[in-house]
Each structure stands twice: as structure tokens, then as C-alpha cells.
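**Q** Structural data only, the sequence is not supplied:
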């Protein structure tokens, strides 16, 4: 397990950044839904978000980190990938059916989200799941624009310019430097 310890400038107390574990997923999902509610995935509920976040623990290009105080009190989290195209390909190859069933179950009990999904995303998601898109690179390139911050699940809820969350802005800036793709972060990092 990787650990990075630094001082929290505001209090002088240590902050530990470590790899996320399955035990962290429930809190991470709850925080995402609470603090980053825009986008489809948070609207699908805690169970779906936990299942989706787990892909960042299990797939080779995923990254999931949590920041905790020295007494293990959660402060925030960050999830992303070192290669977004390959991460999505791995998720579709290894977790497609589980995520699909979880998403359908969530939509079946959320009629307003279902109607919105059918009107805005059903066709592109179906093409993607069936492998009928021009190219993975085209799919990602259409969603990555310089200066845009990604919030919510899978690129939903884009915000031009800055984000209201300093942590989201920092994650976006660090992703441009490190060539990673942040998906969500939370907390007062």
C-alpha cells in the first residue's frame, strides 16, 4: 500500500494519502453523491456508485486514493485512471454485465432518472456497450476539452472553466500535468 504523508497547512496535523480499499468504497460513494451530485452516476445511487468505483481498485489503469487524518478520519478521495481509453476498455471487458445489471436495477426504481437517461444517453451507451462506436479515442476526445473539469460519473456534469470544488480543480490540474484522467474527487484537500 502506498502512503504519502504531508502536513495540512491549515492545522499542522498530518494528512495521509493512501490507496483506497474496498472498505473505503461506501464512504467514497456517499461523499460523491453528497458533494458531487451532478451527472448520471450519482443519481443511480450508492450501490451503483460503489460498484463503479470498485473498478478503479480492480482494473489495471484505475487509481483510487483516499486522504485521511493520522487517526484514519476520512478527509477526501480521488479516483481516476492513468489511461482513460484503456481503463474504459478493461471495465467493459471485465465488468460490463455487472455494471449494466446494477445500472438497470437502479434505473428501474428511479423513473425520473430513467426518463432522462432514455432521452439523453440510452443510444450512445447502447452503441458503446455493443461495440459499435468509431473509436475509443474518438469517444474520449469528444469529451476532453482543455479547461473543462470533469465531475460526476464517467464525464457527466461537465463544468466550463473552474469547479466549485477546490479538490476537483486540483485533480483536473494535476491530471493535465500527469496525463491522467480524474473522474471524481471529494473533500477539502
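**A** The structure has been received and is ready for your questions. Since the structure is predicted, the reported quantities are computational estimates derived from the model, not experimental observations.
**Q** From residue 24, how far out is residue 101?
**A** Look at residue 101 and residue 24: by C-beta to C-beta, to the nearest Å, they are 23 Å apart. No exception for glycine: its C-beta is placed from N, CA and C like everyone else's.
**Q** Just give the number of residues close to residue 115.
**A** Here the neighbour count serves as a burial measure; for residue 115 (other C-beta atoms under 10 Å) it reads 11.
**Q** Let's see the pLDDT reported for it.
**A** In the predicted model, residue 115 carries a pLDDT score of 96.
**Q** Kindly report the same for residue 80.
**A** We have a pLDDT of 96 for residue 80.
**Q** and if you look at residue 127?
**A** Reading off the confidence values, residue 127 has pLDDT 86.
**Q** shift numbering so it begins at 33
**A** In the new count, where the first residue is 33, that last one comes out as residue 159.
**Q** So which bits of the host helix or strand of it are buried?
**A** Using DSSP states H and E, residue 159 falls within helix 154-161. Applying a neighbour-count criterion of 16 or more other C-beta atoms under 10 Å, one finds residue 160 buried in helix 154-161.
**Q** Can you tell me which helices and strands that helix packs against?
**A** The helices and strands touching helix 154-161, judged by 3 or more C-beta pairs under 8 Å, 6 or more residues apart in numbering; DSSP states H and E, are helix 116-140.
**Q** which is the next helix or strand following the helix it packs on?
**A** Once helix 116-140 ends, the next helix or strand along the chain (criterion: DSSP H and E) is helix 143-152.
**Q** Run through who's touching that following helix.
**A** For helix 143-152, contacts defined as C-beta atoms under 8 Å, 6 or more residues apart in numbering pick out 72, 75-76, 138-140.
**Q** Going through these, which ones are buried?
**A** In terms of neighbour count (16+ other C-beta under 10 Å), the buried residues within the contacts of helix 143-152 are 72, 75-76, 138-139.
**Q** Would you reformat those residues as JSON lines and include pLDDT?
**A** Converted to JSON lines, these look like this (pLDDT from 0 to 100):
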{"residue": "72", "pLDDT": "94"}
{"residue": "75", "pLDDT": "97"}
{"residue": "76", "pLDDT": "97"}
{"residue": "138", "pLDDT": "98"}
{"residue": "139", "pLDDT": "97"}
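**Q** For residue 128, which non-adjacent residue is spatially closest?
**A** Spatially, and ignoring its direct neighbours in sequence, residue 128 is nearest to residue 161 (6.5 Å; C-beta to C-beta, 6 or more residues apart in numbering).
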